[in-house]
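Visitor: need coordinates for the below:
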Amino acid sequence: MPTQDPQRLPPVHQHTQRLSYADTDPAGILYYATWFPRMEALQTEWLFLNDFRQDTLLERFGWWTVSRATHCDYLQAARLFEEITIELRIGEIGTSSVRFDFEMWRHADSTLVATASNWLVTVSPDQRSIRIPENFRKVLTAGAH
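Guide: Have a look, this model is predicted:
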């Protein structure tokens, strides 16, 4: 959606969807909390496509992920029936956490309507943070370059 910037990495995953009535407030403007389920769905799908199903991480690998923090900046209004493309990029990869970055673009005019981040932490079965396992780090690193 945005003008191509040679420094900018392409998204690792994206999805375009038309906003529905259930997404909006009575004025027909996107309800702010609507972005969070959309971001989570895109992130979960990317993890699924990379063989990291969140419902089987613990039994397959002995670890899983939890969200530590989320942040969203609302830049422009999005309205009923507009098509919005949500892009996912891999942000900073730490010792035990990774930041997923999102951009939401209005399809009709290529306007950036929101940006957001979600920090995931890898944890042990007893919910203690652990180093990002090598198999997961490898996939994250490939997406960050």
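
Visitor: pretty sure residue 145 contacts residue 9?
Guide: Yes - Residue 145 lies in contact with residue 9 (CB atoms under 8 Å); the separation is 7.4 Å. Any C-beta I mention is one placed from the backbone N, CA and C, and that applies to glycine too.

Visitor: more crowded one of these two?
Guide: residue 9 (12 against 6; other CB atoms under 10 Å).

Visitor: part of a helix, is that one?
Guide: No - assessed with DSSP: H, G, I helix; E, B strand; the rest coil, residue 9 is coil; it does not lie in a helix.

Visitor: do you know how far the closest residue to it other than its chain neighbours is from residue 22?
Guide: Nearest residue to residue 9, sequence neighbours excluded (CB to CB, 6 or more residues apart in numbering): residue 89, at 6.1 Å. From residue 89 across to residue 22, the span is 27 Å (CB to CB, to the nearest Å).

Visitor: neighbour count: these two, which is higher?
Guide: residue 89 (19 against 8).

Visitor: which strand residues bridge the more buried one?
Guide: residue 101 (DSSP bridges).
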